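J.: Give me the fold of what follows.
(2 chains)
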There are 2 protein chains.
Amino acid sequence: MKRIKIADLLSQPKVGERYLVKGWVRSFRNDRFIQLNDGSTINNLQAVVEAANFDEAILKKITTAASVGLIGVLTESQGSGQAVELQVSEIEIIGEANPDEVQKTVMQPKKHSLEYLREQAHLRFRTNLFGAVFRVRHAVSYAIHQFFNDRGFYYIHTPIITGSDAEGAGEMFRVTNLDAKNPPLNEDGSVNFSEDFFGKAVNLTVSGQLEGELAALALGQIYTFGPTFRAENSNTSRHLAEFWMIEPEVAFNDIHDNMDLAENMLKYICEYVMKNCADDLKFLNEREAQEQQSKPQNERNELGLIERLQFVTTNDFKRITYTEAIDVLMNSNHYKKKKFKYDVNWGTDLQSEHERYLVEKEFKRPVIITDYPASFKAFYMRANDGCEPGKETVAAMDILFPGIGEMVGGSQREERLEVLKKKCADFGIHEEELWWYLDTRRFGSVPHAGFGLGFERMVMFVTGMTNIRDVIPFPRTPQNAEF
Amino acid sequence: MKRIKIADLLSQPKVGERYLVKGWVRSFRNDRFIQLNDGSTINNLQAVVEAANFDEAILKKITTAASVGLIGVLTESQGSGQAVELQVSEIEIIGEANPDEVQKTVMQPKKHSLEYLREQAHLRFRTNLFGAVFRVRHAVSYAIHQFFNDRGFYYIHTPIITGSDAEGAGEMFRVTNLDAKNPPLNEDGSVNFSEDFFGKAVNLTVSGQLEGELAALALGQIYTFGPTFRAENSNTSRHLAEFWMIEPEVAFNDIHDNMDLAENMLKYICEYVMKNCADDLKFLNEREAQEQQSKPQNERNELGLIERLQFVTTNDFKRITYTEAIDVLMNSNHYKKKKFKYDVNWGTDLQSEHERYLVEKEFKRPVIITDYPASFKAFYMRANDGCEPGKETVAAMDILFPGIGEMVGGSQREERLEVLKKKCADFGIHEEELWWYLDTRRFGSVPHAGFGLGFERMVMFVTGMTNIRDVIPFPRTPQNAEF
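T.: Residues are numbered from 1 along each chain as shown, chains lettered A, B, ... in the order given. As a prediction, the model looks like this:
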């Protein structure tokens, strides 16, 4: 007899039909009601066992976390909480689970702290919460691929191991095969990386953008979706040493096209999840609502999780320049009452408190800030024309989300060879290191633009999880590379 | 005026309509015919320029590799080779390209060697061949995501940086932040990795399987699609130091379900590419046919590229056990005439020449070989029951493709805790290192199975490219991590 997945059974339940289901026991109540879950949906199937029909030895093995196969006829349920239930006629115990041992794990059905769940990241997949989070994470991935594929973008796999260190996005991890204790040395006493696997020092990528541009300037529209790395010793709820990033890049796009693309993509993801993850989202929505109740009134979200997603899909993002943002901040009562910890002035990057004020207090929606001062933005961002001397800006854009901060960072790229070469010089980047990047400006250069979406931050937004370690299966952070 | 992509224009050409197109000049013939490509399709748009209507200075800048914007009315083409052409009324030179410099690049429209194209991997995207290869590569990626999503699988991102070294799939790269020359040492003189970023020695993953199993044993059906690494000094046309792998894993599947899943997936990919990449495939098919003509008769493919894809989709894969394969080989005339370089005997792994014989001579189709001797397969593969002593086999499966060799390797996994623990001991793997993996066998263990698909090998098969470095944008191999 062929097994049916519980998601399929519950989506089109046929009362009177005989089914085989397999899964893990979430609970077995009154020697009668099994709650069975097989991972295909957050919803358990209720299976009803007539104790008199089975060996006591069998019934004893139906315990939380054990795996079983059940055959039975589907009937309408008398109880509340489910529409149908399985009247079990055959039981196969597939894998037992010692109740005393289960009690020491996160599979024990009770409330566990997120910290404790993280220590058992190998088992937290079996909880309602993390089942929901990782099903939604999948949906976000798929939505992204679908969005770009449907629009004629090509997925490009940019290299993970790279000898390029010009991007300057952050501290890098070294990848090596040299003897860790006694590396070969040059005559001057420095490490001789020419003997390393790749014949030179290499690192884990911090961004696929520069290579992505190469592809975009031939294929027209591309996106990357791959892991990126930061060797930064920051133990926060928003940073990982290893995280996934999506980086689209489009030839002939300017900064305005770029904003449209990013806003459309973010809305598409939210719509997709609402449409395809209704059950998981309902659970996550209720979970968050409960969590909120234990918080002081002024720390609670104004909108629930699903309301926030709806809000994103139905409202235009607020678009302002950095210069306008500085004005708004300096004219705010918050500023006048000296409530900001950090000062606000033109030429200094915005602090998290400033971004949060703009997004959460002033505009109450996602905000796109453009045209930042050139001084603290990357070398490849396009210099804006006609700036006042000393007030040079670049065609950068950051998209800020409530509760998350920076979700997307992007820009129009500098396509003018001479301007770009001067930028390299200003940033201390040797042209020889980036000969291949500069080549694209030598041969039919075109305006183009792109951005990076932090994938885990997007998953945080759509699941309502507030620690980035809880939206990736096995988080990598300082001092932690378990599993 | 809004730009239209050439793919969109050509798929529904409206004669008489006025269009704006932007792209790169592939050639400009007789001061009259521009072949314009924008990466959206392998097909160029022919644009016709009346020299008399334009400044000579403008016309001079229309050179190979330059980027231009053209406005004009679409007409039926008088010439052969295209159905429609654009009668140009406005020309914008977007980015020039010095013809003398272009001549030194792979963009010069003539036949270049694949080796030379690899040296200019940053520009080879702009050639017909690599445009086609990378559009098809995208299609293969998307087909894989669609196949699994449609069947209710969840995409899991397993870690790239890992402290686990039990998988034993190959040599690993170390990831570190310690001082390369003077690492901190322990009292006994060994390197003190507890001072490294993660507090211990870590590596780049060779496979996401073990972590994938953790997710599958909760969510039911998962797949990974991520980069994997081998620090092996092998300079062959089939190996990369960095490559992408797809690893599905399914709870409750046995080895037969596993074979069905893999065969269905491979057929799905071929069908998808034939349906969605017709133009690129036609080009690749003709290219291969031409390449074949320069080869001796006995080295030519019996079937053309598209015929091979059709063959895969319409024929069942041959399924035989390792023991049967050994019989077939030993009974072959090839063996009797001592034409194999390596001996054939039960208990030794098959060599590439044996696999090729089975696939290309004996069965002339993809072959799935199952039930290999346990001695040379991984510790996690399920031990078959009822084996003769000394002839122990495991429920492994390798899928062999003509011209490629191993495309897929997989197995049913050992779900019995005691058997698995004994296997660990036999393989010298400490249980403490894999406590999390063994935990899944302690709590409701279930039969399950999965496999790994080498993504680049699949792209080789569907594009007809014979060197793996030509199907990944920026190949990483010994002594080479350019771009």
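J.: any idea how far residue A:7 is from residue A:38?
T.: 8 Å (CB to CB, to the nearest Å). Glycine gets a C-beta too; all of them are placed from N, C-alpha and C.
J.: Please identify which of these two sits among more neighbours.
T.: Ranked by neighbour count (other CB atoms under 10 Å in any protein chain shown), residue A:7 and residue A:38 place residue A:38 first, with 25 against 18.
J.: Excluding chain neighbours, what is closest to the more buried one?
T.: residue A:23 (3.3 Å; CB to CB, 6 or more residues apart in numbering or on different chains).
J.: got a list of what the one you found touches?
T.: Neighbouring residues of residue A:23 by CB atoms under 8 Å, 6 or more residues apart in numbering or on different chains: A:6, A:36, A:37, A:38, A:39, A:45, A:67, A:68, B:220.
J.: between these, which has the most around it?
T.: residue B:220 (29 neighbours).
J.: How about that residue: what's its closest non-neighbour residue?
T.: Nearest non-adjacent residue to residue B:220, counting by CB to CB, 6+ apart: residue A:39, 3.6 Å away.
J.: Enumerate every residue touching that neighbour.
T.: Counting by CB under 8 Å, 6+ apart, residue A:39 has contacts A:23, A:125, A:131, B:218, B:219, B:220, B:221, B:251.
J.: Ok, residue A:240 next?
T.: A:230, A:456, A:468, A:469, A:472, A:475, A:476, A:477.
J.: Over to residue A:458?
T.: A:140, A:266, A:269, A:407.
J.: all strands for the stretch 101-250 of chain A, in order.
T.: In the stretch 101-250 of chain A, the strands defined using DSSP state E, counting those that start in this stretch lie at A:154-155, A:161-162, A:174-176, A:202-204, A:221-229, A:242-251.
J.: Determine which of the ones you listed approaches residue B:234 most closely.
T.: Shortest distance between residue B:234 and the strands of the stretch 101-250 of chain A, using CB to CB, is found for strand A:161-162: 16.3 Å.
J.: coming back round to it: can you redo the strands of the stretch 101-250 of chain A as TSV with mean pLDDT and mean neighbour count?
T.: What follows is the strands of the stretch 101-250 of chain A, written out as TSV (pLDDT from 0 to 100; neighbours: other CB atoms under 10 Å in any protein chain shown):
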stretch	mean pLDDT	mean neighbour count
strand A:154-155	98	24
strand A:161-162	96	24
strand A:174-176	97	24
strand A:202-204	96	24
strand A:221-229	98	25
strand A:242-251	98	24
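J.: interface residues of the stretch 351-483 of chain A facing chain B?
T.: Contact residues, the stretch 351-483 of chain A versus chain B (CB under 8 Å from any CB of the partner chain): A:415, A:436-437, A:439-447, A:472-474, A:476, A:478-483.
J.: residues contacting whatever residue of the stretch 251-400 of chain A ends up closest to chain B?
T.: Closest approach of the stretch 251-400 of chain A to chain B (CB to the nearest CB) occurs at residue A:252, with a separation of 5.1 Å. Going by CB under 8 Å, 6+ apart, residue A:252 touches A:220, A:446, A:447, A:448, B:3, B:22.
J.: If we use 7 Å, what do you get?
T.: A:446, A:447, A:448, B:3, B:22 (CB atoms under 7 Å, 6 or more residues apart in numbering or on different chains).
J.: ok, the last one to residue B:386 distance?
T.: Here the distance between residue B:22 and residue B:386 works out to 67 Å (CB to CB).
J.: more neighbours, these two?
T.: Between residue B:22 and residue B:386, counting by other CB under 10 Å, residue B:22 is the more crowded of the two (21 against 4).
J.: SS state for that one?
T.: strand (DSSP: H, G, I helix; E, B strand; the rest coil).
J.: my read: it touches residue B:69, true?
T.: Yes - Residue B:22 is within contact range of residue B:69, at 4.6 Å (criterion: CB atoms under 7 Å).
J.: which residues are in contact with both of the two?
T.: Contacts common to residue B:22 and residue B:69, judged by CB under 7 Å, 6+ apart, are residue B:94.
J.: hang on, the earlier thing: what about burial for the contacts of residue A:240, which qualify?
T.: Neighbour counting by 16 or more other CB atoms under 10 Å in any protein chain shown classes A:230, A:456, A:468, A:469, A:472, A:475, A:476, A:477 among those as buried.
J.: Helices - which of those land there?
T.: residue A:456 (DSSP state H).
J.: Across the sheet, point out what pairs with the residue nearest to residue A:38.
T.: Assessed by DSSP bridges, residue A:23 has beta-bridge partners residue A:68.
J.: neighbours around the nearest residue to residue A:201 once chain neighbours are set aside, how many?
T.: Residue nearest to residue A:201 in three dimensions, not counting chain neighbours: residue A:193, with 4.2 Å by CB to CB, 6+ apart. Residues near residue A:193, counting by other CB under 10 Å, number 20.
J.: and if you look at residue A:342?
T.: By other CB under 10 Å, 12 other residues sit near residue A:342.
J.: hang on, it in a strand?
T.: No - applying three-state DSSP, one finds residue A:342 to be coil, outside a strand.
J.: Contact partners for residue A:355?
T.: A:400, A:405.
J.: Double-check residue A:317 against residue A:370; I have them as touching.
T.: No - using CB under 7 Å, residue A:317 is not in contact with residue A:370; the gap is 11.3 Å.
J.: before we move on, the earlier item: so which of the contacts of residue A:458 is the most crowded?
T.: residue A:269 (26 neighbours).
J.: doesn't that one fall inside a helix?
T.: Yes - assessed with three-state DSSP, residue A:269 lies in a helix.
J.: Once you drop chain neighbours, what's closest to it?
T.: Residue A:269 sits nearest to residue A:143 (CB to CB, 6+ apart), 4.8 Å away.
J.: next one: residue A:160
T.: residue B:227 (4.9 Å).
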